[in-house]
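Trainee: need coordinates for the below:
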Amino acid sequence: MKVGEVREKLKEYDQAELIEMFVAAYKLLPKYVKETEMDPVILDGLPSREERKAKQDAPVDFEALEAEILEFVEDAYQQNYFAPNRKIPKSKRPKWRFMVKDYIKKLQKVPEGDEHFERSCELLLKLYSMLCHGCNSYIFSTDDPFRSVGMTQPELYHLVAARTFQTGWTEKNAREMIKAAAFCGLSRECLHEDLYMELIGLLKIPDTKDLIIEQAELLLREEAEKLAELKRQKKRAYDSGYREFEYGENIEELNELITGVYVTMRETEKAIRSFWKYTKEREREVSLYVLLRVIDRFGDDADWKLAYEDGLKRKIKPRKLLQEIYHDLCEKGAEEKTE
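Mentor: The predicted model follows:
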């Protein structure tokens, strides 16, 4: 039935019957929907139209908003919206998603040129980073907090990056946005490459692409130095294995981002050289597969063939799937020449 038909039908029942029907429907809902969607409505009721309009029209006290967000983020990292504690009542913990949505909406309203604009960008980044953390660790009653707030991770990343770069194409901003794309936890439906696509989409002129490559290479070398220092240590800490894995993954992610930017600049040969320069030690065929996957995302068929043939020159034997793709591309190219 349509919503209007449901409303009309419900008018036929008395209050006791409606309560029983609502409880029966409530029992059918998944626990996640109960906690995040229905419980807040049952506990507080639906706001009136006047209340919603008054809330939308009310001027934002930025100082108060900033203090509230910072406290919220700290509480989230302390798991106060997930685990039992004395600070956040149980009835209010499921409301975190509505709070985040409201914070993002209010921060978006701060216009460029406003004295608080830069701080609003920093707060958006804090909220984004918190949600990324929530994809790897339980700080809310979900393992995909981006879905809970009704935004995909690439959407929120794009918002954060676009507004951040409105404050200037600085080295600091470039580093922060690179780390926000490469060193973050991921939602179920997101890959790092999806975030790189959003970042690269903001790079409209060569100077901005050069800036991202420069800062990504600096970050990559810093991660490589951390990894080398860790391996030199005679006495290994209890978390050395985890940190070694983390540094290695960061190096790979930065390498893929740099490769993708070079490819979009139509500097495919430089992209290939850069990739092989920075790729960490592992089976070379796997590295070739990764390179071709990145080029497939950011380049075209000619770029892919160039990287594949470069791999052959490096005496790498590609897996059967890659051989078949290369064969199909060659046939496609031959057909286009004869037409």
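Trainee: where do the helices of the stretch 101-250 of the chain begin and end?
Mentor: When assigned using DSSP state H, counting those that start in this stretch, the helices of the stretch 101-250 of the chain occupy the ranges 117-136, 145-148, 153-166, 171-182, 192-201, 206-232, 240-264.
Trainee: which of those helices sits closest to Gln15?
Mentor: Distance to Gln15, taken as Cβ to Cβ, is lowest for helix 145-148 among these, at 32.3 Å. Where you see a C-beta, it was placed from the backbone N, CA and C, and this is true even at glycine.
Trainee: what stretches of the stretch 1-150 of the chain score poorly on pLDDT?
Mentor: 1-3, 31-37, 43-59 (pLDDT under 70).
Trainee: if we can go back for a sec, point out the most buried one among the helices of the stretch 101-250 of the chain.
Mentor: Of all those, helix 145-148 carries the top mean neighbour count, a mean of 23, counting by mean count of other Cβ atoms under 10 Å.
Trainee: for that one, packing partners?
Mentor: The contact analysis (3 or more Cβ pairs under 8 Å, 6 or more residues apart in numbering; DSSP states H and E) places helix 145-148 against helix 96-108, helix 117-136.
Trainee: using a markdown table, lay out those helices together with distance to Met177.
Mentor: Converted to a markdown table, these look like this (distance: least, Cβ to Cβ, whole Å):
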| stretch | distance to Met177 |
| --- | --- |
| helix 96-108 | 17 |
| helix 117-136 | 9 |
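Trainee: minimum distance to Gly4: which of the ones you listed has it?
Mentor: Across the helices and strands packed on helix 145-148 (criterion: Cβ to Cβ), the nearest stretch is helix 96-108, sitting at 26.4 Å.
Trainee: quick check: the gap between Lys105 and Phe62.
Mentor: According to Cβ to Cβ, to the nearest Å, Lys105 and Phe62 sit 14 Å apart.
Trainee: neighbour count: the two, which is higher?
Mentor: Using other Cβ atoms under 10 Å as the criterion, Lys105 and Phe62 rank with Phe62 on top: 18 against 10.
Trainee: residues touching the more buried one, list them.
Mentor: 110, 116, 119-120 (Cβ atoms under 8 Å, 6 or more residues apart in numbering).
Trainee: farthest-separated two in those?
Mentor: Considering Cβ to Cβ, no two members of the contacts of Phe62 lie farther apart than Val110 and Arg119, which are separated by 8.4 Å.
Trainee: among the helices and strands packed on helix 145-148, which is nearest Glu229?
Mentor: Taking Cβ to Cβ as the criterion, Glu229 comes closest to helix 117-136 out of the helices and strands packed on helix 145-148, the separation being 24.5 Å.
Trainee: tell me what the closest one is packed against?
Mentor: Judged by 3+ Cβ pairs under 8 Å, 6+ apart, helix 117-136 is in contact with helix 62-77, helix 96-108, helix 145-148, helix 153-166, helix 171-182.
Trainee: quick one: that helix to helix 171-182, angle?
Mentor: In this structure, helix 117-136 runs at an angle of 20 degrees to helix 171-182, with axes from the mean of the first three to the mean of the last three Cα atoms, to 10 degrees as the basis.
Trainee: which residues are contacting helix 117-136?
Mentor: Residues contacting helix 117-136 (Cβ under 8 Å, 6+ apart): 62, 66, 69-70, 73, 76-77, 100, 103-104, 107, 110-111, 114, 139-140, 142-146, 149, 153, 156-157, 159-160, 163-164, 166-167, 176, 180, 184-187.
Trainee: and it, how far out from the chain middle?
Mentor: Helix 117-136 has its average C-alpha position 10 Å from the chain's average C-alpha position, going by Cα atoms, centre = their mean, to the nearest Å.
Trainee: with stretch 261-273 instead?
Mentor: Going by Cα atoms, centre = their mean, where stretch 261-273 is centred and where its chain is centred differ by 24 Å.
Trainee: could you do stretch 273-288 as well?
Mentor: With Cα atoms, centre = their mean, you get 25 Å for stretch 273-288.
Trainee: buried ones in it, by neighbour count?
Mentor: Neighbour counts over stretch 273-288 (16 or more other Cβ atoms under 10 Å) mark 274-276, 278-279, 287-288 as buried.
Trainee: in strands only, show me those.
Mentor: Counting by DSSP state E, those place none of their members in strands.
Trainee: would you reformat the residues you listed as a markdown table and include distance to Ala16 and pLDDT?
Mentor: Converted to a markdown table, these look like this (distance: Cβ to Cβ, whole Å; pLDDT from 0 to 100):
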| residue | distance to Ala16 | pLDDT |
| --- | --- | --- |
| Ser274 | 71 | 96 |
| Phe275 | 69 | 96 |
| Trp276 | 73 | 96 |
| Tyr278 | 69 | 92 |
| Thr279 | 69 | 90 |
| Ser287 | 68 | 95 |
| Leu288 | 69 | 96 |
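Trainee: using a markdown table, lay out the residues you listed together with distance to Asn250.
Mentor: Converted to a markdown table, these look like this (distance: Cβ to Cβ, whole Å):
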| residue | distance to Asn250 |
| --- | --- |
| Ser274 | 16 |
| Phe275 | 16 |
| Trp276 | 18 |
| Tyr278 | 11 |
| Thr279 | 13 |
| Ser287 | 16 |
| Leu288 | 21 |
